[in-house]
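Asker: okay, predicted coordinates and the sequence, questions at the end:
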Amino acid sequence: KIRGALNAIFSLSAEEAEKGVVTHSSGNHAQAVALAAKLRGIPAYIVVPENAPKVKVAAIRSYGGVITFCGLTMEDREVTCNKIQAEKGCHFIAPFNAKETICGQATIGLELMQQTECDLDAIVVPVSGGGMLSGIAIAAKCLKPEIKIIAAEPVGVNDAADVYQSKKAGELQKQVAKPKTLADGLQARMGDMTWPIIRDLVDDVIVVKEEEIVKAMQLIYERMKVVVEPSGAVGLAAVLCEEMKSKYSREAAGKVGIVLCGGNADLGAVSFWENWQKRWQSF
């Protein structure tokens, strides 16, 4: 997320940046904007849903972001953002539906292709608003048109995978419910800029269940020794699920790049540290 935020904020003119920036996010883009604004020396006003994980809220504040809490819907976020923008005169930094954000995120795809000398059959990317997916798709397809770009999406416990449904229908589905999922960083909706890119350049959408996300997260922790939040594990969950295995043979997708996006795991929320304390106390 820092890639998109840095590109967007450092693309502003001095006049545009003078009064600071504002954005809305459940945490990852919010942190990126707060840090990028701090690096440029301007204020960052961050609108965060009231149920955002505490670890993300703490990180936003540590980067100097001025937080305003809002309701849980996208409309709540946008109304609060618009109010702050009107009061402060600051510049809005879109979480995904803006060319500057998309171009910054595209460097992920560029680096993946450079590091592998374009020797990848597919790239799997978690999706919600689609800024990162769009950027990676553009960059990777420019360098290797035949590469498969696969979106990984949580279906949630309420069967609410809007990207999957939009691709299936061939048009943007705006009335799909917000997914109830552990992957709280993947609850945005595609915009009028990201949807056409995803429609035209993304080859497939693999949906994953909650238990698959948790298993992938555990595997990353135990084998890679890397901290990821549930949203960040969705890509691996897609690669390991039965649908992926049935659709793509090793010959068709033997070399796969997976994007792990989001490391804000709120271990305190699941009593991780408390359980370790209890364990030694029981000796």
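Answerer: Ah, there it is. These numbers were taken from a predicted model, which means no experiment stands behind them. Numbering: from 1, shown residues only.
Asker: so the residue lying closest to V127 once chain neighbours are set aside: helix, strand or coil?
Answerer: Leaving aside its sequence neighbours, V127 sits nearest to A151 (Cβ to Cβ, 6 or more residues apart in numbering; 4.2 Å). Yep, even glycine has a C-beta here, placed from its N, CA and C like the rest. Secondary structure, DSSP: H, G, I helix; E, B strand; the rest coil: A151 is strand.
Asker: and the helices in this structure?
Answerer: For the chain, the helices defined by DSSP state H cover 2-10, 14-17, 28-40, 54-62, 74-88, 99-115, 131-143, 162-169, 194-201, 210-219, 230-240, 242-247, 272-281.
Asker: contacting residues for I84?
Answerer: By Cβ atoms under 8 Å, 6 or more residues apart in numbering, I84 lies in contact with 22, 45, 47, 68, 90.
Asker: ChimeraX command to pick out the buried ones of those?
Answerer: Of these, the buried ones can be selected in ChimeraX as follows, counting by 16 or more other Cβ atoms under 10 Å:
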select :22,45,47,90
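Asker: G104: which of the contacts of I84 is nearest?
Answerer: Nearest to G104 among the contacts of I84: V22, at 17.7 Å, using Cβ to Cβ.
Asker: ok, the nearest residue to the closest one once chain neighbours are set aside to M224 distance?
Answerer: Leaving aside its sequence neighbours, V22 sits nearest to Y45 (Cβ to Cβ, 6+ apart; 4.2 Å). Separation of Y45 from M224 (Cβ to Cβ, to the nearest Å): 35 Å.
Asker: quick check: R40 touching I9?
Answerer: Yes - here R40 lies in contact with I9, judged by Cβ atoms under 8 Å, at a distance of 5.6 Å.
Asker: so where's the chain uncertain?
Answerer: Along the chain, no part satisfies pLDDT under 70.
Asker: and for E210, the neighbour number?
Answerer: The number of residues packed near E210 is 18, by other Cβ atoms under 10 Å.
Asker: picking up where we left off before, would you list the helices of the chain in a markdown table and tack on distance to D184?
Answerer: Converted to a markdown table, the helices of the chain look like this (distance: least, Cβ to Cβ, whole Å):
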| stretch | distance to D184 |
| --- | --- |
| helix 2-10 | 19 |
| helix 14-17 | 30 |
| helix 28-40 | 10 |
| helix 54-62 | 9 |
| helix 74-88 | 13 |
| helix 99-115 | 19 |
| helix 131-143 | 16 |
| helix 162-169 | 16 |
| helix 194-201 | 19 |
| helix 210-219 | 11 |
| helix 230-240 | 7 |
| helix 242-247 | 23 |
| helix 272-281 | 17 |
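Asker: out of those helices, the one nearest G185 is which?
Answerer: Once Cβ to Cβ is applied to the helices of the chain, the stretch that comes out nearest is helix 230-240, at 3.5 Å.
Asker: and the angle for the closest one with helix 28-40?
Answerer: Angle, helix 230-240 to helix 28-40, by axes from the mean of the first three to the mean of the last three Cα atoms, to 10 degrees: 120 degrees.
Asker: name the helices or strands packed onto helix 230-240?
Answerer: With contacts defined as 3 or more Cβ pairs under 8 Å, 6 or more residues apart in numbering; DSSP states H and E, helix 230-240 has these neighbours: strand 122-126, strand 148-154, strand 204-208, helix 210-219, strand 256-258.
Asker: K245: what's it in contact with?
Answerer: K245 touches nothing, counting by Cβ under 8 Å, 6+ apart.
Asker: and it, how close does it get to V33?
Answerer: Applying Cβ to Cβ, the value for K245 to V33 is 38 Å.
Asker: let's see stretch 180-187 as PDB, backbone CA atoms only.
Answerer: In PDB, the C-alpha atoms belonging to stretch 180-187 read as follows (Å, rounded to 0.1, in the frame of the first residue of the first chain):
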ATOM      1  CA  LYS A 180     -18.400 -11.000   6.600                       C
ATOM      2  CA  THR A 181     -14.800 -12.200   6.700                       C
ATOM      3  CA  LEU A 182     -11.700 -12.300   8.800                       C
ATOM      4  CA  ALA A 183     -10.000 -10.600   5.900                       C
ATOM      5  CA  ASP A 184     -11.100  -7.100   7.000                       C
ATOM      6  CA  GLY A 185      -8.700  -5.400   4.600                       C
ATOM      7  CA  LEU A 186     -10.600  -6.900   1.600                       C
ATOM      8  CA  GLN A 187     -14.100  -5.400   2.100                       C
END
